[in-house]
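Undergrad: Please work out how this folds:
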Amino acid sequence: MNDPLVYSLIPVALLAIYFAIFQTEKLFLSLAFLTPLSINIEEYTSSFGLFVPTEPLLFGLMLLLGAFQIKKAFVPLEIWRSPLLWAITIYILWLLLSALTSSHPIVSFKFILARLWFIVPMLYFGTYFFQKKSNRIWFLWLFIVATVIVIIYTLIHHSFYGFGEKEGHWVMSPFFKDHTIYGAIVALILPLAVGLYLYKKHNPLIQLTLISLILIILVGLVLSYTRAAWLSVLGSIGIAFVLYYKVSWKPIAALAGIALVIVLIRWDQIQIELERNKYEHTTESFDERLQSAANISTDASNLERINRWSCAIAMFKKRPLMGYGPGTYAFEYAPFQRPENLTIISTNFGDMGNAHSEYLGALAETGLIGMLSFIAVVAAIFYTGFTLYHRLPKENKDDRIIVLSTIMALSTYFIHAFLNNYLDTDKAAVPIWGICALWLVYEKELGISGQSIKKD
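TA: Numbers count the residues shown, from 1 in each chain. Below you'll find the model as predicted:
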């Protein structure tokens, strides 16, 4: 720990301690602004990887929460009536169980600790501070504005390279590792910004500001060159359409089931296509890119994704019950790569990251029960959101807009999660668990009043 960068963070840590003790509410809200602007110090030091200032703040808030809870019942007990909290608790317990049989126990317990400092402070402090309605809107505003600052930085940086595609993969550094997570978060804030625009009647200046933010977000989304993000936005619009017009979920579930069966039936054909297509394919037009996102046979990034998925499935077959342990995929997938699945961006050492899917990553690392517990969390999240939207009285138009826009925001991520996984980063975890906390507060208020949501 002789790295000068680490010692330079000590004054920041002392300031954070002061705010944590005496200005906890402001510190919690500041996380929304700091998260898009956080930087992984692994880029600058060989010591360890850590997003600053957010992860130390979240860890400190987690410890502080324990102290608050011992001193006084800080967390309202009513939130434990929510199936969402029970689903998350079961998921965490299974992570702990699977860590006991992990191939890398230290890695797994570090992974769980990091997962806890994302979930616990955001959920529990959120359910406390979001009881003040103005904090709910401030949280969304701060996260959107900070992300737009990163988008503007990225666009300026990108312009130096003529908005080229290859440069578009890294110009968002140091705030985002690459264009995929950047695109995922830009997609997530789009419905939030639209929701704020529709929320209440703003004065002309705020309306103009929100229109400008939405336009910047759209430009950032297109120039992110992230096809999965584009598709996730389309998917979220479809979900909003179904909710708003109360379309029956039965035919949609039937179509999803048919699509899954088709994929399973054609899996061998997919493997054959992998053998025949091992080259980088670059598309230029927007519509060609959307087609490429669904075309597993002509794009190297898609082919590599299939390679990672195949490894995850093979790992599951080797350890179907407990998996290899939370956070271990990157250390274990290399031996499971099949020669016919390798692409021009594969590595023989298998040292290039994760499973490219939240769901298959959970399957490989925590086994079938672990994946099912994660799916249960996702199902509980959307059950909570959908139930809230339908239970909110129609006269509560503003609250319905906020709930619908946050449902769309989380939809973009969990659709994207079929193709990538970022819940182990602050960029995705803070907004997702923060929105879940917001919904828990709405649930609590509906349970108390039965009919309406209280105002400030």
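Undergrad: Residue 228 touches residue 421, doesn't it?
TA: No: contact between residue 228 and residue 421 fails when scored by C-beta atoms under 8 Å: they sit 11.5 Å apart. The way it works is simple: take the backbone N, C-alpha and C, and place the C-beta from them, glycine included.
Undergrad: May I ask you to confirm that residue 354 belongs to a helix?
TA: No: counting by DSSP: H, G, I helix; E, B strand; the rest coil, residue 354 falls outside a helix, being coil.
Undergrad: Now do the contacts for it.
TA: By C-beta atoms under 8 Å, 6 or more residues apart in numbering, the contact set of residue 354 is 308, 329-330, 361, 421.
Undergrad: now those residues in JSON lines, with pLDDT?
TA: Formatted as JSON lines, the contacts of residue 354 follow (pLDDT from 0 to 100):
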{"residue": "308", "pLDDT": "91"}
{"residue": "329", "pLDDT": "95"}
{"residue": "330", "pLDDT": "91"}
{"residue": "361", "pLDDT": "96"}
{"residue": "421", "pLDDT": "91"}
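Undergrad: Look at the residue nearest to residue 417 when sequence neighbours are not counted and say how many residues are nearby.
TA: Leaving aside its chain neighbours, residue 417 sits nearest to residue 358 (3.9 Å; criterion: C-beta to C-beta, 6 or more residues apart in numbering). For residue 358, the number of neighbouring residues by other C-beta atoms under 10 Å comes to 25.
Undergrad: for residue 130, same thing?
TA: The number of residues near residue 130, taken as other C-beta under 10 Å, comes to 23.
Undergrad: Would you confirm that it contacts residue 137?
TA: No: taking contacts as C-beta under 8 Å, residue 130 lies outside contact range of residue 137: 10.1 Å.
Undergrad: Show me where the stretch 1-150 of the chain has its strands.
TA: 39-40, 51-52 (DSSP state E, counting those that start in this stretch).
Undergrad: other SSEs contacting the last one?
TA: Which is strand 51-52. strand 39-40 (3 or more C-beta pairs under 8 Å, 6 or more residues apart in numbering; DSSP states H and E).
Undergrad: Repeat the analysis, applying 6 Å as the threshold.
TA: Helices and strands touching strand 51-52, as assessed by 3 or more C-beta pairs under 6 Å, 6 or more residues apart in numbering; DSSP states H and E, are absent.
Undergrad: Kindly report the same for the first one.
TA: In this structure, strand 39-40 packs against no helix or strand, with contacts taken as 3+ C-beta pairs under 6 Å, 6+ apart.
Undergrad: all numbers from here: first residue = 43
TA: Will do, 43 is the new start, and the previous item becomes strand 81-82.
Undergrad: if you average pLDDT over it, what comes out?
TA: For strand 81-82, mean pLDDT is 92.
Undergrad: Please tell me how far the spatially closest residue to residue 415 that is not a sequence neighbour sits from residue 454.
TA: Nearest non-adjacent residue to residue 415, counting by C-beta to C-beta, 6+ apart: residue 133, 4.4 Å away. According to C-beta to C-beta, to the nearest Å, residue 133 stands 21 Å off from residue 454.
Undergrad: can you check residue 375 too?
TA: 27 Å.
Undergrad: Listing request: residues of the stretch 93-242 of the chain with sub-threshold pLDDT.
TA: 111-118 (pLDDT under 70).
Undergrad: one step back: now the contacts of residue 396 as TSV including neighbour count?
TA: TSV is the format used below for the contacts of residue 396 (neighbours: other C-beta atoms under 10 Å):
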residue	neighbour count
350	25
371	26
372	17
403	29
463	23
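Undergrad: which one of these is nearest residue 71?
TA: residue 463 (27.1 Å; C-beta to C-beta).
Undergrad: mind checking the SS state of that closest one?
TA: Quick answer, by three-state DSSP: residue 463 is coil.
Undergrad: Tell me which residues touch the closest residue to residue 233 other than its chain neighbours, please.
TA: If the residues on either side of it in the chain are set aside, residue 233 comes closest to residue 450, at 3.6 Å by C-beta to C-beta, 6+ apart. Shown in contact with residue 450 (C-beta atoms under 6 Å, 6 or more residues apart in numbering): 233, 278, 282.
Undergrad: Which helix or which strand is home to the first one?
TA: It stands for residue 233. helix 221-240 (DSSP states H and E).
Undergrad: Tell me the buried residues in the helix or strand following that helix?
TA: Next helix or strand after helix 221-240 toward the C-terminus (DSSP H and E): helix 246-264. Neighbour counts using 16 or more other C-beta atoms under 10 Å place 251-252, 255-256, 258-259, 262-264 of helix 246-264 among the buried residues.
Undergrad: circling back: contacts made by the helix holding residue 233 with the rest, please.
TA: Taking C-beta under 6 Å, 6+ apart as the rule, helix 221-240 contacts 182, 186, 189, 210-211, 214, 218, 252, 255-256, 259, 262-263, 266-268, 271, 274-275, 443-444, 447, 450-451, 454-455, 458, 462, 464, 469.
Undergrad: quick one: that helix to helix 246-264, angle?
TA: 160 degrees (axes from the mean of the first three to the mean of the last three C-alpha atoms, to 10 degrees).
Undergrad: send the alpha carbons of helix 221-240 over as PDB?
TA: In PDB, the C-alpha atoms belonging to helix 221-240 read as follows (Å, rounded to 0.1, in the frame of the first residue of the first chain):
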ATOM      1  CA  HIS A 221     -18.900   1.400 -25.000                       C
ATOM      2  CA  THR A 222     -21.000  -1.500 -23.900                       C
ATOM      3  CA  ILE A 223     -21.500  -0.500 -20.200                       C
ATOM      4  CA  TYR A 224     -21.600   3.200 -21.400                       C
ATOM      5  CA  GLY A 225     -24.400   2.300 -23.800                       C
ATOM      6  CA  ALA A 226     -26.300   0.300 -21.200                       C
ATOM      7  CA  ILE A 227     -26.400   3.300 -18.700                       C
ATOM      8  CA  VAL A 228     -27.200   5.800 -21.500                       C
ATOM      9  CA  ALA A 229     -30.100   3.600 -22.400                       C
ATOM     10  CA  LEU A 230     -31.200   3.400 -18.800                       C
ATOM     11  CA  ILE A 231     -31.400   7.200 -18.300                       C
ATOM     12  CA  LEU A 232     -33.400   7.900 -21.500                       C
ATOM     13  CA  PRO A 233     -36.800   6.800 -20.100                       C
ATOM     14  CA  LEU A 234     -35.900   8.600 -16.800                       C
ATOM     15  CA  ALA A 235     -35.300  11.900 -18.600                       C
ATOM     16  CA  VAL A 236     -38.500  11.500 -20.600                       C
ATOM     17  CA  GLY A 237     -40.300  10.700 -17.400                       C
ATOM     18  CA  LEU A 238     -39.000  13.900 -15.700                       C
ATOM     19  CA  TYR A 239     -40.200  15.900 -18.700                       C
ATOM     20  CA  LEU A 240     -43.700  14.500 -18.400                       C
END
